[in-house]
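Q: Sequence and computational prediction follow.
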Amino acid sequence: MADHPPSSGPQRGLRLADKRGFLQKLVEFINPGPDSKDELIETLAEAEDNDIINAESRVMLEGVIRIADMTAGDVMVAAPRMDMIDIDAPYDDLLHLVIDTAHSRFPVYESERENIIGILLAKDLLKLQRAPELNIRALLRPATFVPESKGLNDLLREFRGNRNHLAIVIDEFGRVAGLITIEDVLEEIVGEIEDEFDVDEDAGDIFALADSTWRVGGDTPIERINEAFGLKLSDEDFDTIGGLIAHTMGHVPKRGEAHQIEGLRFTVLHTKGGAVKWFKVAQLPSEP
């Protein structure tokens, strides 16, 4: 009787698959995997301690895990803090808003803030410079609306699919609750993203604007503020202008809040991570 050839084909592959499955089950029995997201995050911390992954990788992986339970309502910029454009506003007003806020996209409303009719890209305003006869309505992009309960995983997938970078968040009653950008979602994974308006510490933190005001970083040292504006603010208790103003006001100021110091008005332009990112500084009119 002829010897049987070595096992090959589907039967051999099936036995190998069974063998791999058995080994996998044995490993899981000896060293069971995490049963919850918290245990998985702890496992990642152990992997970092054992030099299997580095700190940056652990933070990103934890972010991916955490956003699975997060919604647009958790991350959005609330409606009262939204920088919006009135479709009937003069061009100069639009230009000042774009310069002061340093955003690249703006929701546009008509008559009332609840009536959002589209999204305006800051770069599209340049087209009005070359062709003043254009109507700003022709420059608007369609607005995307999502519910507060929209999961960040699904939202990120949609952002990538339709190449959209901003969505308007709607509450259960159909009212505007806020807005969310693709950067807001990604920052939950990778941490704060520096954009073209974020500068290195040595690159400067006080910028003169065209309307005779200044854009000042909240983490600007008080010593530098004194030098730039000729002030004599004390830096014994606080190192930065943001810390000094927050202490004086008794709370971390929100966007739009203003505080006056020695003839200057500091208006909050942008906050991030519970701190003021940028102030707009204007000189107060001198008293007669």
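A: In hand now; what should we look at?

Q: alpha carbons only for contacts and neighbour counts from here, please
A: OK.

Q: quick check: domain ranges of the chain?
A: Domain assignment for the chain by automatic domain parsing gives 36-69, 72-190, 201-283.

Q: Need the pLDDT of P10.
A: Per-residue pLDDT puts P10 at 50.

Q: start at 35 instead
A: Right, with 35 as the first residue, what we last looked at is P44.

Q: And for the residue lying closest to K71 once chain neighbours are set aside, the neighbour number?
A: Spatial nearest neighbour of K71, excluding adjacent residues (C-alpha to C-alpha, 6 or more residues apart in numbering): I99 at 7.2 Å. Neighbours of I99 under the rule other C-alpha atoms under 10 Å: 17.

Q: Likewise for R289?
A: Neighbours around R289, by other C-alpha under 10 Å: 19.

Q: out of everything not next to it in sequence, what's closest to it?
A: V302 (4.9 Å).

Q: Same check on N88?
A: E82 is the one closest to N88 (C-alpha to C-alpha, 6+ apart), at 5.6 Å.

Q: For H293, what is the enclosing helix or strand?
A: H293 is located in strand 292-295, with elements delineated by DSSP states H and E.

Q: Show the subsequent helix or strand relative to that strand.
A: For strand 292-295, the following helix or strand on the C-terminal side (DSSP H and E) is strand 298-306.

Q: mind listing the helices for the stretch 135-284 of the chain?
A: In order along the chain, the stretch 135-284 of the chain carries the following helices (DSSP state H, counting those that start in this stretch): 159-164, 186-196, 216-224, 256-263, 275-283.

Q: middle-most residue in this protein, spatially?
A: A centroid search over the chain (C-alpha atoms, centre = their mean) returns D218, at 3.2 Å, as the residue closest to the centre.

Q: nearest residue to it other than its sequence neighbours?
A: Excluding the flanking residues, the one nearest D218 by C-alpha to C-alpha, 6+ apart is V109, at 6.7 Å.

Q: For the domains of the chain, give me CSV that also has mean pLDDT.
A: Shown next, in CSV, are the domains of the chain (pLDDT from 0 to 100):
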stretch, mean pLDDT
domain 70-103, 78
domain 106-224, 88
domain 235-317, 83
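
Q: separation between the closest residue to E257 other than its chain neighbours and I275?
A: Leaving aside its sequence neighbours, E257 sits nearest to D269 (C-alpha to C-alpha, 6+ apart; 7.0 Å). Counting by C-alpha to C-alpha, to the nearest Å, the gap from D269 to I275 is 9 Å.

Q: just V111 next, same as before
A: From V111 across to I275, the span is 24 Å (C-alpha to C-alpha).

Q: same check, this time on S183
A: From S183 to I275 the distance is 37 Å (C-alpha to C-alpha).
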